[in-house]
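here are the coordinates; sequence isn't available:
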């Protein structure tokens, strides 16, 4: 059982932002161990003892060690069923969990298979774009699955982002944390993933603020009514829904990791999973608030488009009413009846013209006064 002061260092180290400028160990071409094994190392008292060895060699070293904290950490990137077969036999992994790890596209979850814990985390990345359009991608998702046992951790990553290389390097610089074993690595991964959620949520805020300013801008030169593309709002809502599907389902697994007794996770470490759950709750609440705000922006934009269309219809109706006056008068006097009032009066033609012009001017002024023109 680790001492409380040592376990408390977990929060200080893991909550520090993982340096993104570290060497990326995620690319398969950099692995000397095969096409899918990114890094395989054995750790003893938080210190890496073996690196760039086969999983069999690392596991033999760990199980021959006299230190209870020794474990193996194997990182893989999109392995095939054949590549994962030897690890399944070597570590005694459950076939159902292995199938989920290889196939990917799983919901975030935590399951226990005998002496092994299986966890799935959705990774997200904000896709930078110069301008939000109706077709641009805003959120890219991936997946990290983790097998954790008493003396091993196996991480399987799917997708082009979410590399755990920088995280591994950070953990290797702090022996106290790695000395806590696989549970500490599982916590570090969960904290790393949730921190990325918060970063993406903050970036989403910028896009939503931009749309909001365009829709509700009081300056018509900056944002004229009805000119905000509704497709851009729908696209942002779709991307937000994808983010929501990745973030929301992780709440229950984190509750299980932080609240339910587990012999693979020390009681003190479970407290730090509660801290991760608190940060996830904040991300979920912000996503829900963004969704409601986008609904309001969409409704306001549609209302403004409708108002702009109504304004155009009022102008057309006003001009039709004005043109109807000379049309009606000329139509009456164009019927060519013999007995029409004042038909042979010599001043009747200019009187009719003046009457038409005066009536049209009065109607124009009335429509302008009422805001129709």
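Received, thanks. Quick caveat: nothing in here was measured; it's all calculated off a predicted structure.

how near is residue 168 to residue 272?
Taking Cβ to Cβ, to the nearest Å as the measure, residue 168 falls 18 Å from residue 272. C-beta coordinates here come from the backbone N, C-alpha and C atoms, glycine included.

ignore the last one, residue 49
26 Å.

show me the strands in the chain, by range?
Under the criterion DSSP state E, strands of the chain are mapped to 37-44, 47-51, 71-77, 109-113, 116-126, 139-148, 152-158.

check contacts around residue 74.
37, 39-40, 55, 58, 87, 152-155 (Cβ atoms under 8 Å, 6 or more residues apart in numbering).

dump those residues to a markdown table, plus neighbour count.
As requested, these are exported to a markdown table (neighbours: other Cβ atoms under 10 Å):
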| residue | neighbour count |
| --- | --- |
| 37 | 20 |
| 39 | 21 |
| 40 | 26 |
| 55 | 21 |
| 58 | 24 |
| 87 | 25 |
| 152 | 25 |
| 153 | 22 |
| 154 | 28 |
| 155 | 25 |
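
make a markdown table from those residues and add distance to residue 127 and pLDDT to it.
Shown next, in a markdown table, are the contacts of residue 74 (distance: Cβ to Cβ, whole Å; pLDDT from 0 to 100):
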| residue | distance to residue 127 | pLDDT |
| --- | --- | --- |
| 37 | 28 | 78 |
| 39 | 27 | 84 |
| 40 | 31 | 88 |
| 55 | 35 | 86 |
| 58 | 36 | 87 |
| 87 | 32 | 89 |
| 152 | 34 | 91 |
| 153 | 30 | 93 |
| 154 | 29 | 93 |
| 155 | 24 | 93 |
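
distance to residue 313 for the residues you listed - can I get that in TSV?
Output for those, formatted as TSV (distance: Cβ to Cβ, whole Å):
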residue	distance to residue 313
37	67
39	67
40	71
55	73
58	75
87	69
152	71
153	66
154	66
155	61
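
what pLDDT does residue 314 get?
We note a pLDDT of 75 for residue 314 in this prediction.

okay, the angle between the top helix by length along the chain and strand 116-126?
Counting by DSSP state H, the longest helix found in the chain is helix 267-333. Helix 267-333 runs at 40 degrees relative to strand 116-126, counting by axes from the mean of the first three to the mean of the last three Cα atoms, to 10 degrees.

which strands or helices does helix 267-333 pack on?
helix 4-14, helix 182-216, helix 230-247, helix 251-259, helix 348-369 (3 or more Cβ pairs under 8 Å, 6 or more residues apart in numbering; DSSP states H and E).

in contact with the residue nearest to residue 207 when sequence neighbours are not counted, which residues?
Closest residue to residue 207 apart from its sequence neighbours, by Cβ to Cβ, 6 or more residues apart in numbering: residue 132 at 5.5 Å. Residue 132 makes contacts with 138, 207, 210-211, 232, 235-236, as judged by Cβ under 8 Å, 6+ apart.

of the residues you listed - the most surrounded one?
residue 236 (24 neighbours; other Cβ atoms under 10 Å).

just the pLDDT at that one, thanks.
89.

that one reaches residue 209, doesn't it?
No - if you go by Cβ atoms under 8 Å, residue 236 and residue 209 don't touch, sitting 11.4 Å apart.

now the spatially most central residue of the chain: closest residue in space that isn't a chain neighbour?
Geometric centre of the chain, nearest residue: residue 243, 3.2 Å, by Cα atoms, centre = their mean. Distance criterion Cβ to Cβ, 6+ apart; nearest residue to residue 243, sequence neighbours excluded, is residue 139 at 5.0 Å.

any idea how far the one you found is from residue 113?
Counting by Cβ to Cβ, the gap from residue 139 to residue 113 is 31 Å.

check residue 128 too.
For residue 128, the distance to residue 113 - Cβ to Cβ - is 39 Å.

what's the closest non-adjacent residue to residue 274?
Nearest one to residue 274, counting by Cβ to Cβ, 6+ apart, is residue 258 at 4.2 Å.
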